[in-house]
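> Coordinates for the following, if possible.
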Amino acid sequence: MIQFHVFPGATKRIVTFSYDDGHEKDGRLVELFNRYGVKGTFHLNGKKLIGITDEEKQALRARYEGHEVACHTVTHGWPARMPVQSVVGETYEDRKILEDVFGYPVVGMSYPSGSFDAASIAAMQACGVLYSRTTKDTLNFPLPSVFMEWHPTAHHKKAQAPAERFMGQLDSQWTHPLLYIWGHSHEFKTEEDWQAMETLVATVAGNGKIWYATNIEIYNYMTAQRMLQISADETRFYNPTALTLYVERDKTEIIEIPAGKAVFAPRGVQ
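Reported below is the predicted structural model:
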């Protein structure tokens, strides 16, 4: 039996952070993330970036370096309350603005105000969006089963208890693997707010059993795992992707399949 619940570095747990609206306080949050070695995805509204100078673009690239920038629509409307043509315009223009500033394909999204429906999902996918985060906290740790309805674990204001529970269950085979914390940096009003956030980040940071990833890294890895070609007897593997992948066999063996390589892994050979 092959299972996909192994991640880069042969880890079995993932932690990701996701922050909306593109506030200037993102800079301090990125510094906090960098200090503790965790990663975040930052969902920006393109309206704030229209007409900025080359120097301002450079400063934004430096602010978010090492993390992911993703969409949040141009003007932060409610997609479920828009005609499809407006959803398309808000999404496609946001992508183009952000890609001009940051220089790479921007294919992630979080729904403004958590607003979405089937029509807005279809419109965003038509614009090239590959995943989108909701605001529906699970207070648990599931991997996304539908990437366009990616439900987080918890807003940071109520994430400390789930984070501690997650860390206490790192070695459990019965626990789901993804701790997903979200919020807005403009919610940090006082030094006490920042201290609480640092306590939260410190709780989950620095553990070799955890993969610290952005949203797009998780999407790309999980998608690549599904592209593995596996023989009927589960001893031969071909990885056609650009990512090194890992799988677990028979709940006992972790097999590494390098990018673009074929691997023969007979059972019982370590």
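> Quick one: end-to-end length of stretch 61-72, please.
17 Å (CA to CA, to the nearest Å).
> Now do the buried residues in it.
Using 16 or more other CB atoms under 10 Å as the test for burial, stretch 61-72 gives 63-64, 67-72. C-beta coordinates here come from the backbone N, C-alpha and C atoms, glycine included.
> How about residues contacting it?
By CB atoms under 8 Å, 6 or more residues apart in numbering, the surrounding residues in contact with stretch 61-72 are 20-22, 26-27, 30, 33-34, 39-46, 91, 94-95, 98, 101-103, 106-110, 112, 129, 214-217.
> Out of these, which end up buried?
20-22, 26, 30, 33, 39-46, 91, 94-95, 98, 101-102, 106-110, 112, 129, 214-217.
> Which ones among the residues you listed map onto strands?
20, 40-44, 108-110 (DSSP state E).
> among the residues you listed, which two are most distant?
Greatest spatial distance in those: 40 and 109, 15.2 Å, computed using CB to CB.
> ranges for the helices of the stretch 1-150 of the chain?
Secondary structure of the stretch 1-150 of the chain (DSSP state H, counting those that start in this stretch): helices at 26-36, 54-63, 84-102, 118-126.
> Columns mean pLDDT and distance to residue 210 on top of these, output as TSV?
Below are the helices of the stretch 1-150 of the chain laid out as TSV (pLDDT from 0 to 100; distance: least, CB to CB, whole Å):
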stretch	mean pLDDT	distance to residue 210
helix 26-36	98	12
helix 54-63	97	25
helix 84-102	98	26
helix 118-126	98	30
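> And these: which comes nearest residue 143?
Nearest of those (CB to CB): helix 118-126, 18.7 Å.
> what does the closest one contact?
Contact with helix 118-126 is made by 79-80, 82, 84, 87-88, 91, 109, 111, 132, 148-149, as judged by CB under 8 Å, 6+ apart.
> List the buried residues of it.
The neighbour-count check on helix 118-126 (16+ other CB under 10 Å) flags 120-121, 123-125 as buried.
> Ok, stretch 245-253 next?
Applying 16+ other CB under 10 Å to stretch 245-253 flags 245-249 as buried.
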